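K.L.:
Turn this into a structure:
(2 chains)
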Amino acid sequence: MNYQVPNMLFALPEMVMLAMACVVLLFVAFTGNRKIQWSYGLSQLSLFAVLMTVIFSWGDTGTTFSATYIKDSLSDILKIAICLINMCVLLYSVEYLRARQLLQGEFYVLALFATLGMLIMVSANHFLTLYLGLELLSLCLYAMVAMHRDSVIATEAAMKYFILGAIASGMLLYGMSIIYGITGSLMLQEVAAAVYSSSSSDTILSFALVFIIIGIGFKFGAVPFHMWLPDVYHGAPTAITLFIAAAPKVAAFALLIRLLVDGLIDLQTYWQPMLMLMAVLSMIIGNVVAIAQTNIKRMLAYSTISHVGFLLMGVLSGTDAGYAASLFYTLIYALMTLATFGVILLMSRYGFEADNIDDYKGLSSQHPWLALLMMILMFSMAGIPPLAGFYAKLGVIKAVVDVDMMAVALIAVVMSVIGAFYYLRVIKVMYFDKTEEKCEFTYSGPAAFVLSINTLLVLALGIFPGLLMSICSTVFS
Amino acid sequence: MESVIFYIFAAILLFAATMVITVRNPVRAALFLVLAFFTSAGIWLMLEAEFLAISLVLVYVGAVLVLFLFVVMMLDIDLAPLKEGFTRYLPLGIIVAALIVVEMIAVLNAPQFDISAAQATDGSNTKMLGRLLYTVYVYPFEIASVILTVAIVAAITLTLREHHRKLQDPAKQVMVKSADRLRMVDLRSKKQDGEGSES
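P.N.:
Next up is the predicted model:
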């Protein structure tokens, strides 16, 4: 057996992340919650260190660890996004967690290990690494949702998330095992080659594909596998909801691309209609049910479902331009979600969650800047030019129009018009509804500053989308 | 001869697995699970996968199930609420399960898997497995170890409640003063005083 010693330099981001996560774990174990500021600082430092290792190795491509690990431009850009997003998440959530006695060292340890799971997923070139990365991420997320033990609603959300997540992992694993049974390999390129030259009929391959798609659908929260999403978003503490909503979706995008495009591209005729059904249903149910919500976290959960529908639309087109449009959509979605939950986190304080839409009444007269930021975000999510959300929607709709799926494009346009209603309602509540109650709170410090930059970035990427779009299209060419 | 042994093992395995989910007593269910693991270890031995067979017995029978028995015996689990909806959901469950089975049989009617026979190695397969795990699969192997670490961290996070521990601090007990234990309360009725000043 000839075995090549792996080039470990490729996996430097993962190794730095693992080492730093262990350092933070030991630090927390020895200092408890007395030096929580230091744990926070160390966590930010480790994310920054990982970011630097990715940026400095930008452009190198190749596989290592016997081709279980891949480093390409897709993994680079997604890793940069994941690190930046999680740095913002940690920053936004400090005050919220402190006010609720949830600011424990374990939060940072689990967040760092979850980030490690995302990095592993993004760089996976093997069914086994993909699955293990996903499990590492999910395990951390289950524990984080359940961290607020005295809250009944959070415990219930964690139970639902755990059970449905475990079933989804089982489905994914079953699909992978059937693929292994047919192709005899777990490495993505070998699977692709074996599927291409497969003598056995496609029936059994598509049978395996069904299970894999169900697994992906669960992890994304696409209809009809979306049941967990509103409960988890609503039940988890807002800071944890933000953590779940932002970066894991970026990692799930990698899961989708690696499995369907890198591994099973020759089954496109089978996965295209399945994704189409999921995309259309997600857009319809997400947008229509969101209208009836009075809780802003639930509303954003249904809005996420509809965004997942749009995101799948780019991938189902099966073209490089479509994949690039989906990547662009994922990144913009993460940016918008990050800022929206950031506003909710700034608004909430001890004993007040700011999670009802009515809590935003008269925000414009008392905190005009915060209301302006929220307005930009809501307009962007609704897809109104010249904000980034518009170009993201335009890109994926163009992708399906290019492959002559006019019906899907039409549904997408109609649904984004319906979706505009509930986004605009938040703006109406903020600007036109008056309230006697004075919402007294102050916001300042680095979190508010970064939040402002984050939101203005949504505006800036709307005015100059070219740079990010060209990066996205070079990834898939 | 070999196939006869296989069918005996398979029959015992199926019987044990069915008993696990049908017996009332959870301790019995756990013991049937031991039987199921043992017979599947036997089947693995027949496939010349000694290492997997031994580790199944060592890890599952030796460690996991003993722990499981402890938990079952220590926790007083009331099974009545767990079985509440059983008969109500049974018809629907049977219909769904039967549909899935029929659909899967329809799709998988012909054997289409290329891997026909077990490809056991000539030498010790423990050695082969070890060599593979630490060379080709070293990266997934390391990730698995990280997952186990996270599982411990998560379990401790969710169960350790520091402020609920009942600890005695002898130093504090010795240093206690009478003022800490005894509170002097003025019991003169203030209401009467107030009435008195008014009148």
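K.L.:
and the residue nearest the centre of chain B, what pLDDT?
P.N.:
In chain B, the residue lying closest to the centroid (C-alpha atoms, centre = their mean) is residue B:68, at 6.7 Å. In this model, residue B:68 is scored at 84, pLDDT.
K.L.:
Doesn't it lie inside a helix?
P.N.:
Yes: Residue B:68: assigned to a helix according to DSSP: H, G, I helix; E, B strand; the rest coil.
K.L.:
Tell me where chain A is predicted with low confidence.
P.N.:
In the predicted model of chain A, residues A:1, A:199-201, A:436-440 satisfy pLDDT under 70.
K.L.:
Near chain B, which residues of it? Just list them.
P.N.:
A:1, A:3, A:6, A:11, A:18, A:25, A:65-66, A:68-69, A:104, A:106, A:109-110, A:113, A:116, A:120, A:126, A:128-129, A:132-133, A:135-136, A:139-140, A:142-143, A:146-147, A:149, A:181-182, A:184, A:200-201, A:203-204, A:207 (C-beta under 8 Å from any C-beta of the partner chain). Yep, even glycine has a C-beta here, placed from its N, CA and C like the rest.
K.L.:
if you go through chain B in chain order, where are the helices?
P.N.:
B:2-22, B:26-46, B:50-55, B:65-74, B:86-107, B:125-134, B:138-159, B:170-175, B:178-181, B:190-198 (DSSP state H).
K.L.:
As JSON lines, the ones you listed with distance to chain A would be great.
P.N.:
JSON lines is the format used below for the helices of chain B (distance: least, C-beta to the nearest C-beta, whole Å):
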{"stretch": "helix B:2-22", "distance to chain A": "17"}
{"stretch": "helix B:26-46", "distance to chain A": "16"}
{"stretch": "helix B:50-55", "distance to chain A": "16"}
{"stretch": "helix B:65-74", "distance to chain A": "18"}
{"stretch": "helix B:86-107", "distance to chain A": "5"}
{"stretch": "helix B:125-134", "distance to chain A": "7"}
{"stretch": "helix B:138-159", "distance to chain A": "4"}
{"stretch": "helix B:170-175", "distance to chain A": "20"}
{"stretch": "helix B:178-181", "distance to chain A": "26"}
{"stretch": "helix B:190-198", "distance to chain A": "34"}
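K.L.:
And the closest residue to the residue nearest to the centre of chain B other than its chain neighbours, how close does it get to residue B:41?
P.N.:
Nearest non-adjacent residue to residue B:68, counting by C-beta to C-beta, 6 or more residues apart in numbering or on different chains: residue B:30, 5.5 Å away. Look at residue B:30 and residue B:41: by C-beta to C-beta, to the nearest Å, they are 17 Å apart.
K.L.:
Which residues in the longest helix along chain A does the neighbour count mark as buried?
P.N.:
Secondary structure of chain A per DSSP H: the longest helix is helix A:152-183. Neighbour-count burial for helix A:152-183 flags A:154-158, A:160-162, A:164-165, A:168-169, A:171-176, A:178-180, A:182-183 (criterion: 16 or more other C-beta atoms under 10 Å in any protein chain shown).
K.L.:
need the contact list for residue A:10.
P.N.:
Taking C-beta atoms under 8 Å, 6 or more residues apart in numbering or on different chains, we find residue A:10 in contact with A:57, A:60, A:62, A:63, A:64, A:69, A:71.
K.L.:
Would you mind listing the outside residues contacting the strand or helix carrying residue A:470?
P.N.:
Secondary structure assigned from DSSP states H and E places residue A:470 in helix A:466-475. Residues from elsewhere that reach helix A:466-475 (C-beta under 8 Å, 6+ apart): A:73-74, A:77, A:320-321, A:323-325, A:327-328, A:331, A:391, A:395, A:461.
K.L.:
before we move on, the earlier item: for the longest helix of chain A, the distance to its chain's centre please.
P.N.:
18 Å (C-alpha atoms, centre = their mean, to the nearest Å).
K.L.:
The residues of chain A next to chain B, buried ones only, as a ChimeraX selection?
P.N.:
Here is the ChimeraX command that picks out the buried ones among those, judged by 16+ other C-beta under 10 Å:
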select /A:6,11,18,25,65,66,68,69,104,106,109,110,113,116,120,126,128,129,132,133,135,136,139,140,142,143,146,147,182,200,204,207
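K.L.:
So which of the residues of chain A next to chain B are in strands?
P.N.:
Judged by DSSP state E, the subset of the residues of chain A next to chain B located in strands is residue A:69.
K.L.:
one step back: of all the contacts of residue A:10, which two lie farthest apart?
P.N.:
A:57 and A:63 (14.3 Å; C-beta to C-beta).
K.L.:
wait, what's in contact with residue A:6?
P.N.:
Counted by C-beta under 8 Å, 6+ apart, residue A:6 has contacts A:64, A:65, A:66, A:69, B:138, B:139.
K.L.:
try residue B:32
P.N.:
B:16, B:17, B:19, B:20, B:23.
K.L.:
That one - nearest residue in space that isn't next to it in sequence?
P.N.:
residue B:19 is the one closest to residue B:32 (C-beta to C-beta, 6+ apart), at 4.3 Å.
K.L.:
and after the helix or strand where residue A:308 lies, which helix or strand comes next?
P.N.:
Under the criterion of DSSP H and E, residue A:308 resides in helix A:296-316. As assigned by DSSP H and E, the chain's next helix or strand after helix A:296-316 is helix A:320-347.
K.L.:
Going by contacts, tell me the helices and strands next to that following helix.
P.N.:
Secondary structure elements in contact with helix A:320-347, counted by 3 or more C-beta pairs under 8 Å, 6 or more residues apart in numbering or on different chains; DSSP states H and E, are helix A:73-99, helix A:238-245, helix A:247-256, helix A:296-316, helix A:368-382, helix A:388-402, helix A:445-463, helix A:466-475.
K.L.:
Can you add mean neighbour count and give those helices back as a markdown table?
P.N.:
Compiled in a markdown table, these are given as follows (neighbours: other C-beta atoms under 10 Å in any protein chain shown):
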| stretch | mean neighbour count |
| --- | --- |
| helix A:73-99 | 22 |
| helix A:238-245 | 27 |
| helix A:247-256 | 25 |
| helix A:296-316 | 27 |
| helix A:368-382 | 22 |
| helix A:388-402 | 23 |
| helix A:445-463 | 17 |
| helix A:466-475 | 16 |
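K.L.:
What about the closest residue to residue A:419 other than its chain neighbours, how many residues nearby?
P.N.:
Nearest residue to residue A:419 in three dimensions, chain neighbours excluded: residue A:287, at 4.1 Å (C-beta to C-beta, 6+ apart). By other C-beta atoms under 10 Å in any protein chain shown, the residues close to residue A:287 number 24.
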